[in-house]
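Peer 1: following is a predicted model, sequence given first.
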Amino acid sequence: MKSGLFTLDWGSIADAVGMAVFTALLASAFAAVTAPGFDVFAVHWVAAGKSIVNLSIIVGVSTLAKDFLSTNTGSFLGITPDNKTNA
């Protein structure tokens with residue numbers, strides 16, 4: 001997340017991979033918990049695995065897109081919001 005606008009660095013890539021792995025772990029835990037009778041062996045892991053991989057890819061790509069389109073200060077497309085209040 002230290003990259004500038006329209007650039008990526010290794011930290012951004014590591015952040016995207018970390019988010020994808022975290023999402024996969026969270027989705028796996030959700031699949032195990034929501035199995036009928038709370039049985040890990042009752043989970044259809046092939047179907048769940050396809051959903052987990054798809055979700056992880058989506059999260060990784062969206063994290064990279066966010067980092068690619070943001071500046072190093074966090075403003076999206078270099079646009080800084082006006083923080084004035086109507087007091």
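Peer 2: Received it, and whenever you're ready, just let me know what you need.

Peer 1: centre-most residue in this structure?
Peer 2: Nearest to the mean C-alpha position of the chain, by C-alpha atoms, centre = their mean, lies Val59 at 3.4 Å.

Peer 1: ok, and for whatever helix or strand that residue lives in, which residues are buried?
Peer 2: When elements are assigned from DSSP states H and E, Val59 belongs to helix 45-68. Neighbour-count burial for helix 45-68, counted by 16 or more other C-beta atoms under 10 Å, picks out Ala48, Ile52, Ser56, Val59, Gly60, Thr63, Leu64, Lys66, Asp67. Placement of C-beta: from N, CA and C, glycine included.

Peer 1: with stretch 67-83 instead?
Peer 2: Those would be Asp67, Ser70, Thr71, for stretch 67-83 by 16+ other C-beta under 10 Å.

Peer 1: give me phi/psi at the closest residue to the first one other than its chain neighbours?
Peer 2: Among residues not flanking Asp67 along the chain, Ser12 sits closest, at 4.0 Å (C-beta to C-beta, 6 or more residues apart in numbering). Torsion angles at Ser12 (phi, psi; degrees, to the nearest 10) stand at phi -70, psi -40.
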